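Asker: how would this look folded up:
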Amino acid sequence: MTRGLPEPKLTAVDAMIDKLTGAIFLFQLVVVVILGVAGNVWKSSEARKKWYVQYPKEGPWYDFIVIPLRFELLCSIMIPISIKVSLDLVKSLYAKFIDWDLHMYDEKSDTPAHAANTGINEDLGQVEYILTDKTGTLTENMMVFRRCCINGVCYGNESGDALKDSDLARAIANKVPEVVKFLTVMAICNTVVPIKSASGSISYKSQSQDEDALVNAASCLHMVLTSKTGNFLDMNFNGLVLRYEILDTLEFTSDRKCMSVVVRDCQNGRIMLLSKGADEAIFPCISSEQQVRPVVEAVEHFAQLGLRTLCLAWRDLKEDEYRDWSIMYKEASSSLIDREWKVAEVCQQLEHNLELLGATAIEDRLQDGVPETIETLRKAGINFWMLTGDKQNTAIQIALL
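Answerer: Numbering: from 1, shown residues only. Sure, this is the predicted structure:
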């Protein structure tokens, strides 16, 4: 109620024409008044003396406004009625130029540009700032697993594709414990749902493109998530069937910047905490006895390449520790007051002394023509702002592309 009246939304041309029209109308009104007064004076002093004018000696009461109205009619051409119509025709023609522009035609989808508003040229001319998200707007939103660092060893640096790295394939074949743990976290710590087709092939459905890329990458590296039934999931690692029970899921939030799951290994009954998240959320939770410098350097290197990074960690839990924590977690989850804060606080009590397994690097390529488009917009004097949740180095690298 205190905002006042909303300002009218007018294009620059419409605002200019309105001002000019008002100025011309005021000028016309002044001219009509001056000429009307002069005409009435001449009529009273001179016109009645002319025999050919034949003005009656006494006219009607409205006789004094007849001459001003005549001058108003003569001066009405100062404001052409057709000016709005002419402008609308010109705007429609400009909009057609957008429809006919071959540079704005998308061959992949066979879709030409279409201007649904005839005033789009003027609207675009008023733009000073463009605020945009990165993922899915500037990028293709097609995540591809490119590189990883496991136990301080980087894979995929030479070929640019960790899935084709012979050293990683050799480590998987030899069942190196750190590599197996890393792939296990990739395959389990997510909300992905596997879907098996009639032909036996497995596809994955996920709300996050990052999780989909990680699970598909784990599948290519022989850690295949085959099914999820209730709280149980099955995996196949080099022909060996593994079964886990999901006990609790500590969901990702923008404040925590990480996600964790508590699972029980059905083969030996061990309870494990699997975590993944941003480096600033995972590194403070790592055990002080572990050397994290190689992974930190790898994360910085991946970020400088414009890749999205996630850190993976692991911790074994004792039965008594998990049982006590589970009671507190259920109480926090059922709280009606400050539930999110209480859940986050309980999660922190479990996410500590983690074993850092490594980091993943996912590529989300820019769409075709994005750098050229941004450069053209900046030459036009438009300020371009990008919002992203990536690391600062990643955002800088994307801006430099």
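
Asker: Pretty sure residue 215 sits against residue 186.
Answerer: Yes - using C-beta atoms under 8 Å, residue 215 is in contact with residue 186, at 7.0 Å. Quick note: C-beta positions are derived from backbone N, CA and C, even for glycine.

Asker: neighbour count winner among those two?
Answerer: Legend: neighbour count by other C-beta atoms under 10 Å for residue 215 and residue 186, higher for residue 186 (29 against 25).

Asker: That one against residue 213, yeah?
Answerer: No - look at residue 186 against residue 213 with C-beta under 8 Å: they stay out of range, at 9.7 Å.

Asker: Let me know how buried the residue nearest to residue 233 when sequence neighbours are not counted is, in neighbour terms.
Answerer: Spatially, and ignoring its direct neighbours in sequence, residue 233 is nearest to residue 244 (5.5 Å; C-beta to C-beta, 6 or more residues apart in numbering). Neighbourhood size, residue 244 [other C-beta under 10 Å]: 22.

Asker: Using the three-state scheme, assign residue 244.
Answerer: Three-state call for residue 244 (DSSP: H, G, I helix; E, B strand; the rest coil): strand.

Asker: What pLDDT does the model give it?
Answerer: You'll see residue 244 listed with a pLDDT of 94.

Asker: Kindly state the beta-bridge partners for it.
Answerer: Applying DSSP bridges to residue 244 gives these bridge partners: residue 233, residue 265.

Asker: OK, contacts around it?
Answerer: Contacts for residue 244 (C-beta atoms under 8 Å, 6 or more residues apart in numbering) come out as 188, 232-233, 235, 263-266.

Asker: Phi first, then psi, for the residue nearest the centre of the chain.
Answerer: Nearest residue to the geometric centre of the chain (C-alpha atoms, centre = their mean): residue 133, 3.1 Å. For residue 133, the backbone dihedrals (degrees, to the nearest 10) come out as phi -80, psi 160.

Asker: Disregarding flanking residues, what is the spatial nearest neighbour of it?
Answerer: residue 387 (5.4 Å).

Asker: I figured that neighbour was touching residue 135, is that so?
Answerer: No - look at residue 387 against residue 135 with C-beta under 8 Å: they stay out of range, at 9.7 Å.

Asker: Give me the helix or strand of the protein that scores worst on average pLDDT.
Answerer: helix 392-400 (a mean of 70; mean pLDDT, DSSP states H and E).

Asker: For the helix or strand where residue 182 lies, name the packing helices and strands.
Answerer: For residue 182, the host element (DSSP states H and E) is helix 177-188. Packing partners of helix 177-188 (3 or more C-beta pairs under 8 Å, 6 or more residues apart in numbering; DSSP states H and E): strand 144-150, helix 166-173, helix 209-220, strand 223-229, strand 232-237, strand 271-277, strand 308-317, strand 355-363.

Asker: And the average pLDDT for the helix or strand following the first one is what?
Answerer: Translated: strand 144-150. Using DSSP H and E, the helix or strand that follows strand 144-150 in sequence is strand 153-155. Strand 153-155 carries an average pLDDT of 92.
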